[in-house]
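Enquirer: need a structure here:
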Amino acid sequence: MPFDVIVIGHVAIDVNVLPWGVIENALGGAPTYSGLQFAALKQEVGIVSKVGVDFPEKFPPIYSKLGLDTEGIFVAGEHTTTFQNTYNESGDRTQICKHIAPQIIPGDIPNDYLDAKAFYVSPIAKEVTPETLKAIKKKSNLVMFDPQGVLRTIGADGRVEVKPRDLSEFLKYVDVVKLGREEARVLKGDIESSMRSIRDMGPGVVILTKGGEQTMVLSGDKMVKINPLNVEARDMTGAGDVFAATFLTKYVETRDVSTSARFAVAAAGLKIRYKGPTGFPSSQEVLEAVKRLT
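Expert: You can find the predicted model right below:
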């Protein structure tokens, strides 16, 4: 039986500095936040990532214990990708990159993963190239892409900035693209026009999430806007990956963009009530929360 979804991107070790405290050495990156959300939604999940030799020293094989297949996780290089994430009370983030693990290449993807129904590709430090997207894309699957790590530049001091870049070589292999609030800042001109320009590069669905603000979803010529769930946010880290996991799970099932986006907004709202990689909602919890969306 093929996997439901494969997550491609670096595992991260995060130090999250929040207005109300610090979370040291938290597991991060898409394999953590989207992977565990996929698992909470009862999906069969595989991970493709590279970590450093420091990773096994700090953590047990936690992913496999939580139901994720780890055949695609390789130890390569000295350090796991490591970030210090500092958030203000508005949820804006400043990042310092301490270490970067080696790049992920098409040959790193296990053959058993290539027949998955869907892929979620979310690089955090330029570890994914267009060649990797080309290698996984088939007519029979869905590929969702978060370009945050492609748009990042990392200075000599480790400071991370998001800057504009031509994404066309990536997006021609993508069905759904999701941008977050940091990426929204580099969109040129009117946001809706920018989203349409991105759509014209290949993806049938373009999503823009902005933390506590409305989520915007463009599918074809139709734009849907969804208000966030009203919750007390304790940690915004990984909210975008939880959104993506829930959207992709529902979209594979229904092919309904609006319904899938509402589920994703609700799931992300439920998750940010918890600090670190905990509190991933079940399908039933998301279903109940959708009723509270306005």
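Enquirer: And Val150, how far from Asp166?
Expert: Distance, Val150 to Asp166, by C-beta to C-beta, to the nearest Å: 10 Å. For the C-beta atoms, the positions are set from N, CA and C on the backbone; glycine is no exception.
Enquirer: neighbour count winner among those two?
Expert: For the pair Val150 and Asp166, the greater number of neighbours falls to Val150 (22 against 8), based on other C-beta atoms under 10 Å.
Enquirer: quick one: contacts for the more buried one?
Expert: 123, 126, 128, 165, 167, 170 (C-beta atoms under 8 Å, 6 or more residues apart in numbering).
Enquirer: and if we set it to 10 Å?
Expert: For Val150, the contact set (C-beta atoms under 10 Å, 6 or more residues apart in numbering) comprises 121, 123-130, 162, 165, 167, 169-170, 183.
Enquirer: okay, who's weakest in those residues by pLDDT?
Expert: Minimum pLDDT across the contacts of Val150 is recorded for Glu183, with 82.
Enquirer: still on that earlier bit, mind giving me the ChimeraX command for buried ones among the contacts of Val150?
Expert: Buried subset of these, written as a ChimeraX selection, criterion 16 or more other C-beta atoms under 10 Å:
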select :121,123,124,125,127,128,129,130,162,167,169,170,183
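Enquirer: Now intersect the contacts of Val150 with the helices, please.
Expert: In helices, judged by DSSP state H, the following of the contacts of Val150 are found: 130, 169-170, 183.
Enquirer: Report the beta-bridge partners for the closest residue to Asn85 other than its chain neighbours.
Expert: Nearest residue to Asn85, sequence neighbours excluded (C-beta to C-beta, 6 or more residues apart in numbering): Asn16, at 5.0 Å. Per DSSP bridges, the residues bridged to Asn16 are Ile23, Asn85.
Enquirer: quick one: contacts for Asn16?
Expert: 22-26, 28, 83-87, 93, 235-238, 275-276.
Enquirer: same deal with Ile191?
Expert: Ile191 sits next to 179, 184, 208, 210, 216 when contact means C-beta under 10 Å, 6+ apart.
Enquirer: In a markdown table: those, plus secondary structure and distance to Phe247.
Expert: Putting those into a markdown table (DSSP: H, G, I helix; E, B strand; the rest coil; distance: C-beta to C-beta, whole Å) gives the following:
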| residue | secondary structure | distance to Phe247 |
| --- | --- | --- |
| Leu179 | strand | 13 |
| Ala184 | helix | 17 |
| Leu208 | strand | 13 |
| Lys210 | coil | 15 |
| Met216 | strand | 13 |
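Enquirer: Sketch out the low-pLDDT regions of the chain for me.
Expert: Flagging of the chain using pLDDT under 70 yields the residue ranges 1, 60.
Enquirer: The residue positioned nearest the centre of it in helix, strand or coil?
Expert: By C-alpha atoms, centre = their mean, the chain has its centre lying nearest to Asp241, at 3.3 Å. Recorded secondary structure, Asp241: helix (DSSP: H, G, I helix; E, B strand; the rest coil).
Enquirer: That one and Val11 touch, don't they?
Expert: No. Counting by C-beta atoms under 10 Å, Asp241 stays clear of Val11, with 11.9 Å between them.
Enquirer: any residues in contact with both of the two?
Expert: Listed as contacting both Asp241 and Val11 by C-beta under 10 Å, 6+ apart are 28-32, 35.
Enquirer: on that earlier part again, against Cys97, how distant is the residue nearest to Asn85?
Expert: Relative to Cys97, Asn16 is positioned 14 Å away (C-beta to C-beta).
Enquirer: And for Ser168?
Expert: Plainly put, Ser168 is 26 Å away from Cys97 if you go by C-beta to C-beta.
Enquirer: where do the helices sit along this structure?
Expert: Counting by DSSP H, one finds helices in the chain at the ranges 30-40, 54-58, 62-65, 130-136, 148-151, 168-171, 181-184, 191-199, 239-254, 257-271, 283-290.
Enquirer: Now distance to Leu114 too, for those helices, in JSON lines please.
Expert: Below are the helices of the chain laid out as JSON lines (distance: least, C-beta to C-beta, whole Å):
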{"stretch": "helix 30-40", "distance to Leu114": "18"}
{"stretch": "helix 54-58", "distance to Leu114": "25"}
{"stretch": "helix 62-65", "distance to Leu114": "20"}
{"stretch": "helix 130-136", "distance to Leu114": "7"}
{"stretch": "helix 148-151", "distance to Leu114": "22"}
{"stretch": "helix 168-171", "distance to Leu114": "19"}
{"stretch": "helix 181-184", "distance to Leu114": "28"}
{"stretch": "helix 191-199", "distance to Leu114": "26"}
{"stretch": "helix 239-254", "distance to Leu114": "16"}
{"stretch": "helix 257-271", "distance to Leu114": "24"}
{"stretch": "helix 283-290", "distance to Leu114": "27"}
